[in-house]
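Enquirer: here is a sequence together with a model predicted from it:
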Amino acid sequence: MKSTLNKKDDVNGTIVIELEKADYQEKVDKSLNQFRQKANIPGFRQGKVPKSVIQRMYGKAVLVDEVNKIVTDELTNFIRENKLKILGEPISDDSEEKRVDLDKDQILTFYFDVALTPEFDLPIDKNTELTYYQVKLEENLLEKQMDAYKQNYGTYASIEEDAKDTVLIKGTLTEMEGDQEKENGQVIENAILMPSYVKEEAVKTRFIGAKVGDSVVFNPMRAYDNNEAEVASLLQTTKEHVKEMNADFRFDIAEVTRYQEAELNQELFDRVLGEGVVTTEEEFRARVATELSNQFKPNTDHLFIHEAKDIIVEKMKDIRFPDAFLKRWLLESNDKKTAEQVEADYPAILEDLKFHIAKQKIVEENEIKVEFQDIEALATEVAKAQFAQYGMTNLPADVLQNYTKSLLEKEETIQNLYERATEDKIISWLKENVTVTEKEISSEDFNEMMHEHSHLHGEHADDHAHGEVSEENEETAE
């Protein structure tokens, strides 16, 4: 077997693979013998079918299959062993003059066109200027977060005053029959009701102003406008059980509770951030402000790397690429695309491709490596960010660890995290090797800028909000 690369120019080549009979005949014979052992052909006992019959029935198919396997493996090995940097994937040259004739050819010759990554110098240095935005948090956003924490970590407490429409009224619900308790009727010992949810105004009015020790008789189905789900919840049963119910119930009020916001004290600090992390309101506000600001980092990083992309792509405009091959490959690899669509999409695809190979060059030339611990650390940050969306900032260590572990069980997630970790290291490298101007911007102005950027580039506003990677066209590079 012989394999060579014939370069047409700096970015186009053909890999030629030549097979002699000795390269494949042993494998073909072995496969035919396996067919012979398993074949169940009328007139012959299993395993006793003559070789000539097996050859006549399966010989050509087995030969094609084994040759294809050998050629595929050889193509992969040749690219790897010769460290060829190719774009896209090899495309078989099936032109008539290069077709293989298995019946006549003594040497089977296969041709694969390949696109070669162009050689170039990194077009960035300390003369390259990039902007990194530092988002300044408005005071009202911090106050909103403070209010959210006070609301989320508040509790219901018993009150002595009369009930309002938003209090929780607790007590016992007893099914009635006329003016008397129904014999063997329903009794709900720990019933809970909030007047604001009651639809019937007359009943709602009787609960508003009530106090501990009072009783209110009402018909739940009428009070909740025949909403079976709400009545079932009140009576702590199923919707099916209340379908035909039309009885009155007496609510004996045992407790009236009102929701009270949490105070900005040590108990709240510990619940939000962890025990003893901060001890004063000033420290708490500073820590929360920092965490809120950190939520902007994925987007500030995204704008930074996108500006780097624009500059790099512009400086690579004169580098020659195998455009004809890439368009052909894009068309052949996606049967839903027309030549016109590929032509229209190609400029954007080429920009992504240029930036992709530039990033690869940064990684290779600077020996940037992503270890598994980098992926684990990033997975933990992603998990924290996802929980933080719901105000859950002080997760127990085992909960965070288990959720992070679940993220790392998905191959697609690991790949996304690997790409993100690599990009984080590229961002760090850029910050050290170009001239970075830090620019302070209000969170309101930054959000507006991000919205305009997303609209201009066809991105979703939250594509980059939690460290996720979305590079639609990077599959054009291997």
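Expert: Sure, I can see it.
Enquirer: can you show me the helices along the stretch 1-150 of the chain?
Expert: For the stretch 1-150 of the chain, the helices defined by DSSP state H, counting those that start in this stretch occupy 21-38, 51-81, 139-152.
Enquirer: following element in sequence after the top strand by length along the chain, please.
Expert: The strand that spans the most residues within the chain, counting by DSSP state E, is strand 249-260. For strand 249-260, the following helix or strand on the C-terminal side (DSSP states H and E) is helix 266-273.
Enquirer: report the residue ranges of every domain in the protein.
Expert: Residue ranges for the domains of the chain, per automatic domain parsing: 2-116, 129-147+280-476, 155-260.
Enquirer: tell me the angle of the longest strand of the chain relative to helix 139-152?
Expert: 140 degrees (axes from the mean of the first three to the mean of the last three C-alpha atoms, to 10 degrees).
Enquirer: for strand 249-260, which residues meet the burial criterion?
Expert: 249-251, 253, 256-257 (16 or more other C-beta atoms under 10 Å). Where C-beta positions appear, they are placed from N, C-alpha and C, glycine not excepted.
Enquirer: I'd like the residues you listed as JSON lines, with pLDDT and distance to Thr14 appended.
Expert: Shown next, in JSON lines, are those (pLDDT from 0 to 100; distance: C-beta to C-beta, whole Å):
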{"residue": "Phe249", "pLDDT": "97", "distance to Thr14": "86"}
{"residue": "Arg250", "pLDDT": "97", "distance to Thr14": "91"}
{"residue": "Phe251", "pLDDT": "97", "distance to Thr14": "86"}
{"residue": "Ile253", "pLDDT": "95", "distance to Thr14": "88"}
{"residue": "Val256", "pLDDT": "93", "distance to Thr14": "85"}
{"residue": "Thr257", "pLDDT": "92", "distance to Thr14": "80"}
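Enquirer: closest one to Gln151 out of those, please.
Expert: Thr257 (16.0 Å; C-beta to C-beta).
Enquirer: ok, that closest one - contacts?
Expert: By C-beta atoms under 8 Å, 6 or more residues apart in numbering, the contact set of Thr257 is 156-159, 167-170.
Enquirer: show me just the buried residues among these.
Expert: By neighbour count, with 16+ other C-beta under 10 Å, the contacts of Thr257 hold 159, 167-170 as buried.
Enquirer: of all the helices of the stretch 1-150 of the chain, which lies closest to Glu364?
Expert: Closest among the helices of the stretch 1-150 of the chain, once you apply C-beta to C-beta, is helix 51-81, at 15.4 Å.
Enquirer: tell me what the closest one is packed against?
Expert: strand 2-7, strand 12-20, helix 21-38, strand 86-92, strand 107-116 (3 or more C-beta pairs under 8 Å, 6 or more residues apart in numbering; DSSP states H and E).
Enquirer: any idea of the mean pLDDT for the shortest one?
Expert: Read it as strand 2-7. Average pLDDT, strand 2-7: 95.
Enquirer: show me what counts as buried in it.
Expert: Buried residues in strand 2-7 (16+ other C-beta under 10 Å): Ser3.
Enquirer: over to stretch 149-163?
Expert: Those would be 149, 159, 163, for stretch 149-163 by 16+ other C-beta under 10 Å.
Enquirer: on that earlier part again, tabulate the helices of the stretch 1-150 of the chain (TSV), appending mean pLDDT and distance to Ala191.
Expert: Below are the helices of the stretch 1-150 of the chain laid out as TSV (pLDDT from 0 to 100; distance: least, C-beta to C-beta, whole Å):
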stretch	mean pLDDT	distance to Ala191
helix 21-38	83	72
helix 51-81	87	70
helix 139-152	88	25
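Enquirer: so can I have CSV of those showing distance to Ile15?
Expert: As requested, the helices of the stretch 1-150 of the chain are exported to CSV (distance: least, C-beta to C-beta, whole Å):
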stretch, distance to Ile15
helix 21-38, 16
helix 51-81, 6
helix 139-152, 58
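Enquirer: of these, which is nearest Leu122?
Expert: Among those, helix 51-81 sits nearest to Leu122 (C-beta to C-beta), with 24.0 Å.
Enquirer: can you convert the buried ones among the contacts of Thr257 into TSV and add a column each for pLDDT and distance to Tyr58?
Expert: Shown next, in TSV, are the buried ones among the contacts of Thr257 (pLDDT from 0 to 100; distance: C-beta to C-beta, whole Å):
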residue	pLDDT	distance to Tyr58
Ile159	84	87
Val167	90	83
Leu168	92	78
Ile169	94	82
Lys170	96	80
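Enquirer: which ones among those residues lie within strands?
Expert: Going by DSSP E, the strands hold 168-170 from these.
Enquirer: ok, so of the residues you listed, who is nearest Lys309?
Expert: Using C-beta to C-beta, those come closest to Lys309 at Leu168, 54.9 Å.
Enquirer: now do the lowest-mean-pLDDT helix or strand in the chain against strand 12-20, angle only.
Expert: Each helix and strand of the chain was given a mean pLDDT (mean pLDDT, DSSP states H and E); the minimum falls on helix 21-38 at a mean of 83. Counting by the same axes, to 10 degrees, helix 21-38 lies at 60 degrees to strand 12-20.
Enquirer: tell me which residues in helix 21-38 are buried?
Expert: Counting neighbours by 16+ other C-beta under 10 Å, the buried set in helix 21-38 is 23-24, 27-28, 31-32, 35-36.
Enquirer: what is the nearest of those to Glu244?
Expert: Closest approach to Glu244 among these (C-beta to C-beta): Phe35, at 70.5 Å.
Enquirer: any chance of the helices and strands packed on helix 51-81 in TSV, plus distance to Leu75?
Expert: Formatted as TSV, the helices and strands packed on helix 51-81 follow (distance: least, C-beta to C-beta, whole Å):
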stretch	distance to Leu75
strand 2-7	8
strand 12-20	6
helix 21-38	14
strand 86-92	6
strand 107-116	6
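Enquirer: for Asp179, find the nearest of those.
Expert: Relative to Asp179, the nearest member of the helices and strands packed on helix 51-81 by C-beta to C-beta is strand 86-92, separated by 85.0 Å.
Enquirer: tell me the secondary structure at Glu423.
Expert: With DSSP: H, G, I helix; E, B strand; the rest coil as the basis, Glu423 sits in helix.
Enquirer: surely it touches His306?
Expert: No: here Glu423 does not reach His306: they are 11.2 Å apart, not a contact under C-beta atoms under 8 Å.
Enquirer: so these two - more neighbours on which side?
Expert: Taking neighbours as other C-beta atoms under 10 Å, Glu423 and His306 compare with Glu423 leading, 18 against 15.
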